[in-house]
Each structure stands twice: as C-alpha cells, then as structure tokens.
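J.: how would this look folded up:
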Amino acid sequence: MSIERLVQTGSIHPFRATPDEVSKALEVARRDLALAENIQDESLDWSYSIAYNAVLQACRAYMFHLGYRPASSEAHKATFEFMQLTVEQPFKRTIPYFDRVRKKRHRIIYNEVGLVTEKEAEELLKKARSTRLFEGFISYIERKLGKL
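T.: Numbers count the residues shown, from 1 in each chain. From the prediction side, this is the model:
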C-alpha cells in the first residue's frame, strides 16, 4: 500500500489544512489524553476509548500537516493505514497495536461493556503519553510538527 493508492481508493484525500486546524487536532489529543488518565480509576472502558481518540486526533494532526485527511468512510482505519506508511521506527511497530485498539474500541462503544482490563488501559495510556523512559506517540507527533 502507498499514499497514492490510499488516494486512488478514496480512503484519504489531499487536504490543505491551516496551521490552526493542525493545532486544534493536537489540542484535542492533549485534552483527551489528560481526561483518559483522569478517569482511568472510574471507567476503564471510557478511559481506553478516550485514550484511543487522543491517539487518533494526533494522527489526524499529522495527516493534516502532510496535506491529507481521511475519507468519511472507514476514516479511522484509513488514518492508521496512512500512519503506517509515514511514521518512523519505533512508532511504525506501534501502529498495528493502535489498529487493534481501534477494533476493540468499536466493540466497547457499540456492543459490549467491561471489555477493558486495567493492564490494557495502562498499556494504551503508556503508548500514548510521554514518560522519562518512553517518548509517547502524541509527543512524537508534536515533535514532528514542531510543537504547535
């Protein structure tokens, strides 16, 4: 798969985002990550879903910055396909994980309650946020975008 192929299949579209649109997507990512961390003790399912949205919004900011946006049909899936083509290691290995999270999040939102374990929620938060030992995915996107 290539970016050109994603455009040809209609999965993504060229898009000229303004710096404000990129910045707002990152702002949503930061907000959602903080909220996911704050409610982890209250609801693992919602914490997981909100942390997923934080990652998705960071990906959208990156896509916007590179001149693309996902199509409305299967937008989440297309976003991660695009990211798999554009991110560097070690994050390239993380994209399939986020795609699995996407599928589980869908089940949480639409079908089932109580699917997320504490370990799963913490793992997703760890991959999304920064710590001293690990540059989180959102921090990676911020660095790539020049910390808008």
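
J.: least trustworthy helix or strand in this structure by mean pLDDT?
T.: helix 137-144 (a mean of 85; mean pLDDT, DSSP states H and E).

J.: could I get the contacting residues of Pro70?
T.: Pro70 makes contacts with Ser11, Ile12, His13, Arg60, Met63, His76, Ala78, Thr79, Phe82, as judged by Cβ atoms under 8 Å, 6 or more residues apart in numbering. From N, CA and C alone the C-beta is placed, and that goes for glycine too.

J.: check the spacing between the residue nearest to it when sequence neighbours are not counted and Arg102 real quick.
T.: Leaving aside its sequence neighbours, Pro70 sits nearest to Ala78 (Cβ to Cβ, 6 or more residues apart in numbering; 4.3 Å). To Arg102, Ala78 is 11 Å away according to Cβ to Cβ, to the nearest Å.

J.: of these two, who's got more company?
T.: Between Ala78 and Arg102, counted using other Cβ atoms under 10 Å, Ala78 has the larger neighbour count: 22 against 16.

J.: which residues are contacting the strand or helix carrying the more buried one?
T.: Per DSSP states H and E, Ala78 falls inside helix 75-86. Helix 75-86 is contacted from outside by 1-3, 6, 11-12, 56, 59-60, 62-63, 66, 68, 70-71, 92, 95-96, 98-99, 102, using Cβ under 8 Å, 6+ apart.

J.: ok and that helix relative to helix 137-144, angle-wise?
T.: On the basis of axes from the mean of the first three to the mean of the last three Cα atoms, to 10 degrees, helix 75-86 is oriented at 60 degrees to helix 137-144.
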